[in-house]
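**Q** Could you look at this predicted model? Sequence included:
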Amino acid sequence: QVQLVESGGGLVQAGGSLRLSCAASGRTFSSYAMAWFRQAPGKERELVAGINWSASSTSYADSVKGRFTISRDNAKNTVDLQMNSLKPEDTAVYYCAARWVGIIPSAEYRYWGQGTQVTVSS
């Protein structure tokens, strides 16, 4: 299992930047694909960005392409989300999530952090 703790959320003006960080416990961090999700009030949770175990592959929601960058450091057990050119519609609770990709990989993200609030003012 892995435990995840997010940090770095806050209030920022439109056009500004924030960097979210997710710290993971455990010694098998490199056996997990990682992702950032977000959920705005009254909306469904959506996948924002994902990164594979080796950081050789990343993916992004269309709404954040070119503005957000996901990265990971397997030596430090961290995954970050750099968010630039923030818009009011990026306001949401952001969650870090992990999916086991080791022996008998999981199809689902089963491990979640507690979430961190990002608010972008216009």
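**A** That came through fine.

**Q** So which residue is smack in the middle of the chain?
**A** In the chain, the residue lying closest to the centroid (Cα atoms, centre = their mean) is Trp36, at 2.2 Å.

**Q** does that residue have beta-bridge partners, and which?
**A** Per DSSP bridges, residues listed as beta-bridge partners of Trp36: Ala49, Cys96.

**Q** distance of Asn74 from Glu6?
**A** For Asn74, the distance to Glu6 equals 18 Å [Cβ to Cβ, to the nearest Å]. Bear in mind the C-beta positions are built from the backbone N, C-alpha and C, glycine included.

**Q** more neighbours, these two?
**A** In this comparison of Asn74 against Glu6, neighbours counted by other Cβ atoms under 10 Å, the higher total goes to Glu6 at 22 against 15.

**Q** residues contacting that one?
**A** By Cβ atoms under 8 Å, 6 or more residues apart in numbering, Glu6 lies in contact with 20-22, 94-96, 113-116.

**Q** try Ser54
**A** Taking Cβ under 8 Å, 6+ apart as the criterion, Ser54 is in contact with 30, 74.

**Q** on that earlier part again, in strands only, show me the contacts of Glu6.
**A** Secondary structure defined by DSSP state E assigns 20-22, 94-96, 116 of those to strands.

**Q** And the helices in the chain?
**A** Using DSSP state H, no helices are found in the chain.

**Q** Can you show me the strands along it?
**A** Assignment of strands within the chain using DSSP E yields the ranges 4-7, 10-13, 18-24, 32-39, 46-51, 58-60, 68-73, 78-83, 92-100, 111-112, 116-121.

**Q** The third one vs strand 92-100, what angle?
**A** Which is strand 18-24. For strand 18-24 and strand 92-100, the angle between their directions (axes from the mean of the first three to the mean of the last three Cα atoms, to 10 degrees) works out to 30 degrees.
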